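Colleague: Predicted model, plus sequence, below.
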Amino acid sequence: MNLVTTLRRGHLLKHTDLSGIGLEIGPYDQPTVFKSEADVRYLDWKDREQLVRECTHPDMIVDIPEIDYVVHSNRYGEYISDKFDYVIANHVMEHAPNMIQWLADLCDMMRPGGVLFLALPDKKFSFDKYRPDTALSHFVAEYVAGVEDIPREHQIECEIYYDEAFVNKPMHVADKLDMNRIRHKLEAPPHVGIHSHVFESGTIESKVLKPILMMGFLEFNLVDFVPALGETGGEMIIVLRKETPRVELTTEEFYSAPVDAELAARAIETAERLAEAEAALEEARQKVATTQEQVVTMQETVAAMQEKVVAMQEEIASRTSTISALQSSTSWRITAPLRAAVTRLRGLGSKGRDISY
């Protein structure tokens, strides 16, 4: 299991314990939930035999599961009568030509309280980075018109704004805007990998998801949103729950300029690190203050000891002066012969002679 799948599972399991029946759309070789752990069904436009036949990486074939539901349009409800407790769609929603209808159909296929887990690319980290964000009015217009196929507008947009650097090719505006090239491309059916719509982490909540819920198109609540980061695959996570919508969206949020979610996340991370550094600095300051108090105590102890040393030196000097005075006195000179005799006698005693009287 790779890092991206592990991260997806971590977010999914916050909102469902995988009990009941689950549906995963387009798992290919990286299912989020496995049949060995839950009652999960897989949906795709192709069966496993066709997926294996078209797979260009032989080492991936072993991970391609059997497909339970093979569909031929984005109206899955026309092929499936089962109801699901959770639905997983990784990198699928951006391909749906009519996003609101696609979400409404999934909602109809779910039981009350069911969880819809979506992972989709942030355009900043994909070949769509030069494309303008798809506007709310565009989604509403497609829904009202009942769009089912990818409009030419999206094909033209991709031809003009596709980041050629993604496939290691140079970008030349004259080539990108060459109408003869664009007309030739439009003669063929849309590429299966085309993204009908593009999103940014910093705008999708306040400019797309919450407004659509507020307009009453869907019986979903937005219960979790994780912005995209480059180091985690450049995908955002959206979790919706089937229940009566309770949307909080201010006028300022909806009409304000977009915020770069990655920069915002990094700003929060920087602020957290700054707070940690300030806490560490305060701890260091307290340690310094404690050390300074200990130094002052030690200095006072040393000063007291120095005073004692001075007092002892003064006492020694006084006694030395007394001794010198005694040795210079007349009595000391008169008794000198007597002290010499005593010293000699003591010397004889030390050699073993009996000098007792």
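Modeller: Yes, it's here.
Colleague: a helix runs through residue 154, doesn't it?
Modeller: Yes. Assessed with DSSP: H, G, I helix; E, B strand; the rest coil, residue 154 lies in a helix.
Colleague: Not counting its neighbours along the chain, what's nearest residue 68?
Modeller: What sits nearest to residue 68 in space, not counting adjacent residues and going by CB to CB, 6 or more residues apart in numbering, is residue 41, at 4.1 Å. Where C-beta positions appear, they are placed from N, C-alpha and C, glycine not excepted.
Colleague: got a pLDDT number for that neighbour?
Modeller: Reported pLDDT at residue 41 in the predicted model: 97.
Colleague: and it, how many neighbours?
Modeller: Residues within reach of residue 41, counting by other CB atoms under 10 Å, total 17.
Colleague: So which elements touch the helix or strand containing it?
Modeller: Here residue 41 sits within strand 39-44, counting by DSSP states H and E. Judged by 3 or more CB pairs under 8 Å, 6 or more residues apart in numbering; DSSP states H and E, the packing partners of strand 39-44 are strand 21-25, strand 69-70.
Colleague: Out of those, which gets nearest to residue 256?
Modeller: Proximity to residue 256 (CB to CB) singles out strand 21-25 among the helices and strands packed on strand 39-44, at 33.1 Å.
Colleague: Report the separation between residue 115 and residue 106.
Modeller: Distance of residue 115 to residue 106, computed by CB to CB, to the nearest Å: 11 Å.
Colleague: Now for those two: what residues contact both?
Modeller: Residues touching both residue 115 and residue 106 (CB atoms under 8 Å, 6 or more residues apart in numbering) are residue 87.
Colleague: Which of those two has more residues huddled nearby?
Modeller: Neighbours per residue (other CB under 10 Å) separate residue 115 from residue 106, with residue 106 holding more: 26 against 23.
Colleague: Now whichever strand or helix holds that one: buried residues?
Modeller: Following DSSP H and E, the helix or strand that holds residue 106 is helix 99-108. Buried residues in helix 99-108, counted by 16 or more other CB atoms under 10 Å: 99-107.
Colleague: Which strands or helices does it pack on?
Modeller: Secondary-structure packing of helix 99-108 (3+ CB pairs under 8 Å, 6+ apart): strand 110-121, helix 136-145.
Colleague: most neighbours per residue, which of the ones you listed?
Modeller: strand 110-121 (a mean of 20; mean count of other CB atoms under 10 Å).
Colleague: tilt between that one and strand 21-25?
Modeller: Taking axes from the mean of the first three to the mean of the last three CA atoms, to 10 degrees, one finds strand 110-121 and strand 21-25 inclined to each other by 30 degrees.
Colleague: Give me the contacts around strand 110-121.
Modeller: Strand 110-121 has contacts (CB under 8 Å, 6+ apart) with 8, 11-12, 15-16, 20, 32, 83-94, 103, 106-107, 128, 195, 199, 220, 223, 228, 234-243.
Colleague: all strands for the stretch 201-350 of the chain, in order.
Modeller: In the stretch 201-350 of the chain, the segments counted as strands under DSSP state E, counting those that start in this stretch are 220-226, 235-242.
Colleague: can you give me the offset of the longest helix anywhere in the chain from its chain's centre?
Modeller: Assignment by DSSP state H gives helix 261-327 as the longest helix of the chain. With CA atoms, centre = their mean, to the nearest Å as the basis, helix 261-327 stands 43 Å off its chain's centre.
Colleague: Could you name the helices and strands sitting against it?
Modeller: Helices and strands touching helix 261-327, as assessed by 3+ CB pairs under 8 Å, 6+ apart, comprise helix 201-203.
Colleague: per-residue confidence averaged over the helix it packs on?
Modeller: 92.
Colleague: tell me what it is packed against?
Modeller: By 3+ CB pairs under 8 Å, 6+ apart, helix 201-203 packs against helix 261-327.
Colleague: what about the nearest residue to residue 40 once chain neighbours are set aside, distance to residue 109?
Modeller: Counting by CB to CB, 6+ apart, the nearest residue to residue 40 once its immediate chain neighbours are dropped is residue 22, at 4.0 Å. To residue 109, residue 22 is 12 Å away according to CB to CB.
Colleague: ok, now residue 124?
Modeller: Counting by CB to CB, the gap from residue 124 to residue 109 is 32 Å.
Colleague: Equivalent analysis for residue 63, please.
Modeller: Distance from residue 63 to residue 109, by CB to CB: 26 Å.
Colleague: Who has more neighbours out of these two?
Modeller: Higher neighbour count among residue 63 and residue 109: residue 109, with 19 against 13, using other CB under 10 Å.
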